[in-house]
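Trainee: give me a model of this one.
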Amino acid sequence: MRDFYRILLALLISLTAFQATAQLTENSPYSRFGLGDLYPTGSIRNIGMAGVGVASPNLEYINFLNPALLTTNRRLNLDTTFKYTMFEGALYGVGRSISDGTLKQQSKSVNFQYLNIAFPISNRWTTSISLNPYSNMSYDYYNNVGFDTSGIAVSTSNIGTGGVYTLNFANGVDLTKNFSAGLTASYVFGSTNEDYFTQLTSLDLSVQDQKYGIHQRTSYSGFNFKPGLAYRNVLKAATKEEEEHIYYNLGATYDFSAGLTSRREQVRQIKTDKDALSEDSTISNVKMNAVLPSKLSVGFSIDKPVDWSIGVDFTYLSYSKYKNFDAGIDNFKNGYKIALGGEYKLKGQEVMKMPILRAGFAYQKTPFFFNGTQLNDFSVSIGGSIPVGRKDARYKSKPLSRLNVALVAGQRGTTNDGLIRDRYFQVYLSFQTIDKWFERRRIE
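Mentor: Prediction:
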């Protein structure tokens, strides 16, 4: 339990340090559409392999890409007397360089990525609870017009912030020796805020500058469900008793088109040049049923437990039933992503103490569609895990806590056809521990 508090403290210190040094205003121009940019849904382990994980089990990490693979973690309990709990918390930082071919702007930010805890209920059943961001809206546009003959300058601004989160309750169960199934139930919630303002500035110092505009807040809440299946079997049997078999794995998940209760309030506001509110009045308050896009993911992998793994995932994102206030279907098309990645554990006498290296490549046809062009996204990923802390000498099978990191570099869009090129560099950091949190005390 002490490891848990150490991890929380480390996360808070890391977040404070990032906030002290980073500009926390990310400008992601395509996040103004729909619910914003969609976050990757996997763990830092998965992100280090370009997002691969739908069919990539690993007994040392929580897999919440596919709930059916949660049962893999129970195999860690080599001594069935103890039931270990896994906990992981993560942060995410990004630097962006956006360009329209003429102008260029850079920005950076740091954000919460996820908190996740998984614990075995029985030898065949594992449960996980997690908090994850689903989408992020962060953009700002400014347009300045110089002073005209009347001595008045006009500038406009369009700023969006906020995002949507999911609180997830996942369960995985072994149906047979080779088959497992799982279900993730998610509560989706959050809000976005958008400001559309025009500012009038006068050369006459006796005239107070004013900002006139609309503040728009859109809130979301609802439930979503994701079932998953996994199959695992021996591909090549080990020739020596002390060696592991080589396995092949198949996996699939499906995110349903979730219906959300959505409410949008628009307020007309007048502000001073110091952003002090001088007048506001509500002009509309509308409720509707929004619908998230559905997502189908399938994967295949080959692995030798504890040593190495390589896999490929394919994801299809369907916007055919997507519905929101002003996200017209004209700006969205069905998209897909294909990712290839793997991991390798360095050799050593104590297997659990050795670092792990990861890498991957992904290509995505994003759902964004502008000026007759559907945006592409190319990215490469590298990552790794380093054991930290001391091993509890009383329990020989207990692994160390780990520091996990993933680095992603990519490009979305181009400067052709009046579009914006978005080059990004992402850093993911997580702390993970495995401990006996729910051990029943016994007096002998």
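Trainee: contacts for stretch 228-235 next, please.
Mentor: Stretch 228-235 is contacted from outside by 54-55, 57, 66-69, 172, 178-184, 245-254, 302, using C-beta atoms under 8 Å, 6 or more residues apart in numbering. For the C-beta atoms, the positions are set from N, CA and C on the backbone; glycine is no exception.
Trainee: mind listing what's buried in it?
Mentor: For stretch 228-235, the neighbour count (16 or more other C-beta atoms under 10 Å) marks 228-230, 232 as buried.
Trainee: mean confidence for it?
Mentor: Here stretch 228-235 scores 95 as its mean pLDDT.
Trainee: likewise for stretch 278-294?
Mentor: The average pLDDT within stretch 278-294 is 86.
Trainee: quick check: buried residues in it?
Mentor: 290-294.
Trainee: next one: that stretch to chain centre, how far?
Mentor: Put simply, stretch 278-294 sits 25 Å off its chain's centre (C-alpha atoms, centre = their mean, to the nearest Å).
Trainee: show only the entries of the buried residues of stretch 228-235 found in strands.
Mentor: 228-230, 232 (DSSP state E).
Trainee: I'd like those residues as a markdown table, with distance to G160 appended.
Mentor: Compiled in a markdown table, these are given as follows (distance: C-beta to C-beta, whole Å):
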| residue | distance to G160 |
| --- | --- |
| G228 | 33 |
| L229 | 38 |
| A230 | 38 |
| R232 | 44 |
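Trainee: hmm, back to that, which of the contacts of stretch 228-235 fall within strands?
Mentor: 172, 179-184, 246-254, 302.
Trainee: so among these, which ones count as buried?
Mentor: For the ones in strands among the contacts of stretch 228-235, buried by 16+ other C-beta under 10 Å: 172, 180-184, 246-253, 302.
Trainee: just give me the closest of those residues to S109.
Mentor: Closest approach to S109 among those (C-beta to C-beta): T184, at 27.5 Å.
Trainee: hang on, isn't that closest one packed against F169?
Mentor: Yes: if you go by C-beta atoms under 8 Å, T184 and F169 touch, sitting 7.2 Å apart.
Trainee: quick one: the strands in the stretch 251-400 of the chain?
Mentor: For the stretch 251-400 of the chain, the strands defined by DSSP state E, counting those that start in this stretch occupy 259-272, 277-291, 294-304, 308-318, 335-345, 356-370, 373-388.
Trainee: distance to K211 added to these, as JSON lines?
Mentor: Supplementary listing: the strands of the stretch 251-400 of the chain in JSON lines, determined by distance: least, C-beta to C-beta, whole Å:
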{"stretch": "strand 259-272", "distance to K211": "4"}
{"stretch": "strand 277-291", "distance to K211": "9"}
{"stretch": "strand 294-304", "distance to K211": "40"}
{"stretch": "strand 308-318", "distance to K211": "38"}
{"stretch": "strand 335-345", "distance to K211": "37"}
{"stretch": "strand 356-370", "distance to K211": "29"}
{"stretch": "strand 373-388", "distance to K211": "33"}
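Trainee: can you tell me which of those strands the model trusts least?
Mentor: When the strands of the stretch 251-400 of the chain are compared on average pLDDT, strand 277-291 comes out lowest at a mean of 84.
Trainee: next, count neighbours for T166.
Mentor: Applying other C-beta atoms under 10 Å, we find 23 residues neighbouring T166.
Trainee: now do the host helix or strand of it against strand 259-272, angle only.
Mentor: For T166, the element it lies in under DSSP states H and E is strand 152-174. Relative orientation of strand 152-174 versus strand 259-272 (axes from the mean of the first three to the mean of the last three C-alpha atoms, to 10 degrees): 150 degrees.
Trainee: quick one on the thing from earlier: between the buried residues of stretch 228-235, which is closest to A258?
Mentor: Lowest distance from A258 to the buried residues of stretch 228-235 (C-beta to C-beta) belongs to G228, with 16.0 Å.
Trainee: so in terms of bridging, what pairs with the closest one?
Mentor: Beta-bridge pairing for G228 (DSSP bridges): G182, T253.
Trainee: equivalent analysis for G342, please.
Mentor: I310, A359.
Trainee: isn't it right up against G311?
Mentor: Yes: between G342 and G311 there is a contact at 6.8 Å, judged by C-beta under 8 Å.
Trainee: of these two, who's got more company?
Mentor: The neighbour count for G342 versus G311, taken as other C-beta under 10 Å, is higher for G311 (27 against 21).
Trainee: any idea how many residues pack against the spatially closest residue to the more buried one that is not a sequence neighbour?
Mentor: Closest residue to G311 apart from its sequence neighbours, by C-beta to C-beta, 6 or more residues apart in numbering: S301 at 3.1 Å. Using other C-beta under 10 Å, S301 has 25 neighbouring residues.
Trainee: please apply the same query to A55.
Mentor: When neighbours are counted by other C-beta under 10 Å, A55 registers 32.
Trainee: got it, and L103?
Mentor: 8.
Trainee: I'd say D275 and K211 touch.
Mentor: Yes: with contact defined as C-beta under 8 Å, D275 reaches K211; the gap is 7.4 Å.
Trainee: of those two, which one has the most company?
Mentor: K211 (22 against 8).
Trainee: that's a strand at the more buried one, yeah?
Mentor: Yes: assessed by DSSP: H, G, I helix; E, B strand; the rest coil, K211 belongs to a strand.
Trainee: how about the contacts made by it?
Mentor: Shown in contact with K211 (C-beta under 8 Å, 6+ apart): 197-199, 269-273, 275.
Trainee: and what of Q432?
Mentor: 7, 61, 86-88, 385, 401-404.
Trainee: perfect, I'm done here.
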